[in-house]
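S.K.: Sequence below, structure please.
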Amino acid sequence: MAGVKLNYKLADWMSHLPVSSVQTPLNLLAIPGSHNTFSYSISPSGDVGPDQPQWIQDLTRMFGTAGKDTLCRWALTQNLNVSQQLEQGIRYLDCRVCWFSKTQDFHFLHGLIGAKAATGLDEVSAFLVKHPKEVIILDFSHFYSMSNTDHVNLLTMLTDKFGSKMCPYIDMESVTLEMMWEHGLQVLIIYQNDIVKEHLTFWPRTTIRSPWANTSSIPDLMSFMDNQYKSGRTDNVFFGWQGVVTPGMATIVSNFGSSLKDTLAIKLAPFFVSWLKDKKTGCHGISICTMDFIEQANYVSTLIELNYNAC
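M.R.: Numbering: from 1, shown residues only. Have a look, this model is predicted:
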């Protein structure tokens with residue numbers, strides 16, 4: 001079925017998968033994700049985030065709005081808001097959160113403080129109500145300026161918002177779309193902090209691996225991806241393929257007036273998507289993928305098609 005054309009809206013792609021995919025463990029499906037999902041909400045008017053080293057915080061304070069404008073251009077990884085991303089077929093959300101003392105609330109962040117976490121999560125919840133057969137993986141991968149009490153409060157917020165729709169931490173082989181539909185489950189939350197050892201509704205950090213190339217070079221990234229694909233992976237975890245390049249200081253300085261999108265992400269997208277086209281799903285294949293600016297190069301539909309090509 002190579003080259004299958006999707007004849008339905010991407011907002012409902014999971015509900016249209018073939019029976020074989022519906023009965024396959026979720027971690028063995030090809031799942032489109034976005035890198036730094038909520039970064040669309042940052043702006044130069046925001047505060048510098050605690051995820052930044054002290055020297056960047058000092059530098060942006062020194063240069064004021066101009067410094068924060070530069071930081072924003074190189075920290076922004078998504079243009080579409082979370083509702084638009086979900087409507088476009090994204091089902092894995094990369095969540096990076098801090099406790100922000102100025103507002104006394106949880107915020108998403110990347111370089112700069114973004115939207116309140118509750119606001120973004122409410123959009124996710126609203127999407128689930130409209131699309132009862134779609135399943136979303138929320139991966140809380142990074143935390144900043146958070147105490148144990150803050151973690152407990154964030155876990156409580158997540159439980160309050162998603163409640164009975166949350167898939168508990170169980171044997172990976174049992175988690176299929178068929179099983180989740182049968183039990184009215186739509187959300188699987190990975191929470192990468194040891195506090196979840198006491199909260200078994202959440203999935204611990206050991207349930208996902210996401211090797212990071214940490215390079216600004218497209219050829220080096222593609223070589224890294226090739227090596228990962230050839231070496232295979234275990235079938236008892238989620239596996240993240242990070243189709244992202246990371247700007248170093250030299251890249252930013254030599255392209256100072258540009259942005260992550262124009263200098264790197266737009267150039268990478270066709271190479272990453274082309275690389276995906278002949279790959280397979282399954283225990284040694286493609287699983288979760290992430291990319292900057294997910295609307296580029298037919299990324300989402302290319303990835304979804306892999307679930308048909310496996311049949």
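S.K.: and Asn236, what pLDDT?
M.R.: Here the pLDDT value assigned to Asn236 is 89.
S.K.: meant to ask about Trp55, not that
M.R.: pLDDT, read off for Trp55, is 78.
S.K.: Give the other helices and strands that the helix or strand harbouring it contacts.
M.R.: Per DSSP states H and E: Trp55 is located in helix 54-75. Counting by 3 or more C-beta pairs under 8 Å, 6 or more residues apart in numbering; DSSP states H and E, the packing neighbours recorded for helix 54-75 are strand 112-116, helix 260. Every residue, glycine included, has its C-beta placed from N, CA and C.
S.K.: quick one: whatever helix or strand comes next after the shortest one to chain centroid distance?
M.R.: It stands for helix 260. Note on helix 260: by DSSP H and E, the next helix or strand toward the C-terminus is helix 266-276. Counting by C-alpha atoms, centre = their mean, to the nearest Å, helix 266-276 is centred 17 Å from the centre of its parent chain.
S.K.: same check, this time on stretch 10-24
M.R.: Centre-to-centre, stretch 10-24 and its host chain are 20 Å apart (C-alpha atoms, centre = their mean).
S.K.: what's in contact with it?
M.R.: The contact list for stretch 10-24, computed with C-beta atoms under 8 Å, 6 or more residues apart in numbering, reads 6, 8, 29, 86-89, 91, 131, 133-135, 176-178, 181, 281, 300-301, 304, 307-308, 310-311.
S.K.: Among those, name the buried ones.
M.R.: 29, 86-89, 91, 131, 133-135, 176-177, 181, 281, 300-301, 304, 307-308, 310 (16 or more other C-beta atoms under 10 Å).
S.K.: follow-up on the earlier one: for the helix holding Trp55, which positions count as buried?
M.R.: For helix 54-75, burial by neighbour count (16+ other C-beta under 10 Å) applies to Ile56, Gln57, Thr60, Gly67, Lys68, Thr70, Leu71, Cys72, Arg73, Trp74, Ala75.
S.K.: What of stretch 21-36?
M.R.: Under 16+ other C-beta under 10 Å, the buried positions of stretch 21-36 are 21-22, 24-36.
S.K.: try stretch 286-298
M.R.: In terms of neighbour count (16+ other C-beta under 10 Å), stretch 286-298 has its buried residues at Ile286, Ser287, Ile288, Cys289, Thr290, Met291, Asp292, Phe293, Ile294, Glu295, Gln296, Ala297.
S.K.: now the end-to-end length of stretch 20-27.
M.R.: Start-to-end span of stretch 20-27 (C-alpha to C-alpha, to the nearest Å) is 14 Å.
S.K.: With stretch 182-195 instead?
M.R.: Using C-alpha to C-alpha, one end of stretch 182-195 lies 29 Å from the other.
S.K.: any chance of the buried residues of helix 54-75 in a markdown table, plus distance to Gln242?
M.R.: Converted to a markdown table, the buried residues of helix 54-75 look like this (distance: C-beta to C-beta, whole Å):
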| residue | distance to Gln242 |
| --- | --- |
| Ile56 | 22 |
| Gln57 | 26 |
| Thr60 | 26 |
| Gly67 | 28 |
| Lys68 | 26 |
| Thr70 | 24 |
| Leu71 | 21 |
| Cys72 | 22 |
| Arg73 | 21 |
| Trp74 | 17 |
| Ala75 | 16 |
